[in-house]
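> Need coordinates for the following:
(one chain, ligands or ions: 2)
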Amino acid sequence: MSEPDRIFSQPQPHIPDFTFNEDVVRVFPDMIKRSAPGYPTIVENIGLLGARFAQPDSVLYDLGCSLGAVTQALRRHVKTERCRVIGVDNSSAMIQRCREYMLAQDSMYQELLPVELQEADILELDFQPCSLVAMNFTLQFIAPEQRLDLLRRIRQSLLPGGALVLSEKLCFADPEEHALLTDLHIDFKRANGYSDLEIAQKRTAIENVMRPDTFETHRERLLAAGFSKVVLWFQCLNFSSMIALP
Ligand SMILES: C[S@@+](CC[C@H](N)C(=O)[O-])C[C@H]1O[C@@H](n2cnc3c(N)ncnc32)[C@H](O)[C@@H]1O
Ligand SMILES: O=C(O)C(=O)C[C@]1(C(=O)O)C=C[C@@H](O)C=C1
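Numbering: from 1, shown residues only. Ligands and ions are numbered 1, 2, ... in the order given. You can find the predicted model right below:
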């Protein structure tokens, strides 16, 4: 089970860039629930979206699967024939622990979709024909100049009638809106037991590796990648999730 996240609780003279290493893996379920407003609702609903968009004989991708929260939701909710889930992450610590979580899920439930986990860079994947692609807070960690090409390749692999579900932390062009939602996100973290020191040190660790876009930037880029429609189906403070249709 997950330990409480105390990674940034002590003052650190030098704060290295955030990585998804073993220390983060140990606390990740606690960290993401206390840091990302709406995360449990988004994960559960991606299961329902999977059930709606899944097509027989196709793949459902969970890109940047971490410990497989979305993969587990898809395996539970999708009943479509001969579908399988492929979870991909380039952190070996994440994938190792994810394998253990999948075995635990297999022992608790029957009739789950088959799953395959790959330790790989999503920028180097050869995508198979797929009916659902979930990227739950992963694109924000991809270098901005590589995002369009990745989305193009996903678009080209999606079957007609499929969907991409893209969840992202947002920034906002309007400075007042940006400041308000950023402050409310800090309130959310504080209410979840993070100290001001933890919040400040996490921000320093993450600012060079996680670069959020505005919703407008996401929308324009998804359209440029060949998607025909972008629907914002969830937003809680500065955390959002979109459905992009081929
Ligand atoms: C915020 S976490 C995703 C959370 C997860 N999707 C969930 O719903 O619990 C981002 C994940 O993306 C992975 N990641 C970042 N860049 C990647 C890349 N180029 N290829 C594969 N995985 C990547 C990280 O290792 C990390 O596990
Ligand atoms: O924006 C922040 O402060 C966050 O902590 C966000 C965020 C994310 O959106 O992925 C960053 C890293 C952790 O994986 C959990 C949450």
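
> Phi, psi for the closest residue in space to S228 that isn't next to it in sequence please.
Nearest non-adjacent residue to S228, counting by CB to CB, 6 or more residues apart in numbering: L245, 5.7 Å away. Yep, even glycine has a C-beta here, placed from its N, CA and C like the rest. The phi/psi pair for L245 (degrees, to the nearest 10) reads phi -100, psi 140.

> What is the burial count for L245?
16 (other CB atoms under 10 Å).

> can you tell me which residues contact the residue in the chain that ligand 1 sits nearest to?
Closest to ligand 1 within the chain is G64: 2.8 Å, counting by CB to the nearest ligand atom. Listed by CB atoms under 8 Å, 6 or more residues apart in numbering, the contact set of G64 reads V88, D89, I122, M135, N136, F137, T138, F141.

> May I see these arranged in TSV, with pLDDT, secondary structure and neighbour count as well?
Converted to TSV, the contacts of G64 look like this (pLDDT from 0 to 100; DSSP: H, G, I helix; E, B strand; the rest coil; neighbours: other CB atoms under 10 Å):
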residue	pLDDT	secondary structure	neighbour count
V88	99	strand	21
D89	99	strand	24
I122	98	helix	24
M135	99	strand	27
N136	99	strand	25
F137	99	coil	22
T138	99	coil	21
F141	98	helix	16
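
> Next, format the residues you listed as JSON lines and append distance to ligand 2.
Formatted as JSON lines, the contacts of G64 follow (distance: CB to the nearest ligand atom, whole Å):
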{"residue": "V88", "distance to ligand 2": "16"}
{"residue": "D89", "distance to ligand 2": "12"}
{"residue": "I122", "distance to ligand 2": "15"}
{"residue": "M135", "distance to ligand 2": "11"}
{"residue": "N136", "distance to ligand 2": "9"}
{"residue": "F137", "distance to ligand 2": "4"}
{"residue": "T138", "distance to ligand 2": "8"}
{"residue": "F141", "distance to ligand 2": "8"}
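
> same for ligand 1: which of those are within range?
V88, D89, I122, N136, F137, T138, F141 (CB under 6 Å from any ligand atom).

> does the closest residue to P144 other than its chain neighbours count as helix, strand or coil?
Once flanking residues are discounted, P144 sits nearest to R211: 5.9 Å by CB to CB, 6+ apart. Three-state assignment for R211 (DSSP: H, G, I helix; E, B strand; the rest coil): coil.

> pretty sure R211 contacts E145?
No - using CB atoms under 8 Å, R211 is not in contact with E145, being 10.7 Å away.

> okay, these two: which has more neighbours?
R211 (16 against 7).

> And ligand 2, is the lengthiest strand in the chain touching that?
Longest strand in the chain, counting residues (DSSP state E): strand 158-169. Yes - counting by CB under 6 Å from any ligand atom, contacts between strand 158-169 and ligand 2 involve K169.

> send the alpha carbons of whichever helix or strand comes after that strand over as PDB?
Using DSSP states H and E, the helix or strand that follows strand 158-169 in sequence is helix 175-191. The C-alpha coordinates for helix 175-191 follow below in PDB (Å, rounded to 0.1, in the frame of the first residue of the first chain):
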ATOM      1  CA  PRO A 175      -3.500  36.700 -15.500                       C
ATOM      2  CA  GLU A 176      -6.300  37.100 -13.000                       C
ATOM      3  CA  GLU A 177      -7.900  33.800 -13.800                       C
ATOM      4  CA  HIS A 178      -4.400  32.100 -13.700                       C
ATOM      5  CA  ALA A 179      -3.600  33.600 -10.300                       C
ATOM      6  CA  LEU A 180      -7.000  32.700  -8.800                       C
ATOM      7  CA  LEU A 181      -7.000  29.100  -9.900                       C
ATOM      8  CA  THR A 182      -3.300  28.700  -8.900                       C
ATOM      9  CA  ASP A 183      -4.100  30.100  -5.400                       C
ATOM     10  CA  LEU A 184      -7.100  27.800  -5.100                       C
ATOM     11  CA  HIS A 185      -4.900  24.800  -6.100                       C
ATOM     12  CA  ILE A 186      -2.500  25.800  -3.300                       C
ATOM     13  CA  ASP A 187      -5.500  26.000  -0.900                       C
ATOM     14  CA  PHE A 188      -6.400  22.400  -2.100                       C
ATOM     15  CA  LYS A 189      -2.900  21.100  -1.300                       C
ATOM     16  CA  ARG A 190      -2.900  22.900   2.100                       C
ATOM     17  CA  ALA A 191      -6.300  21.400   2.900                       C
END
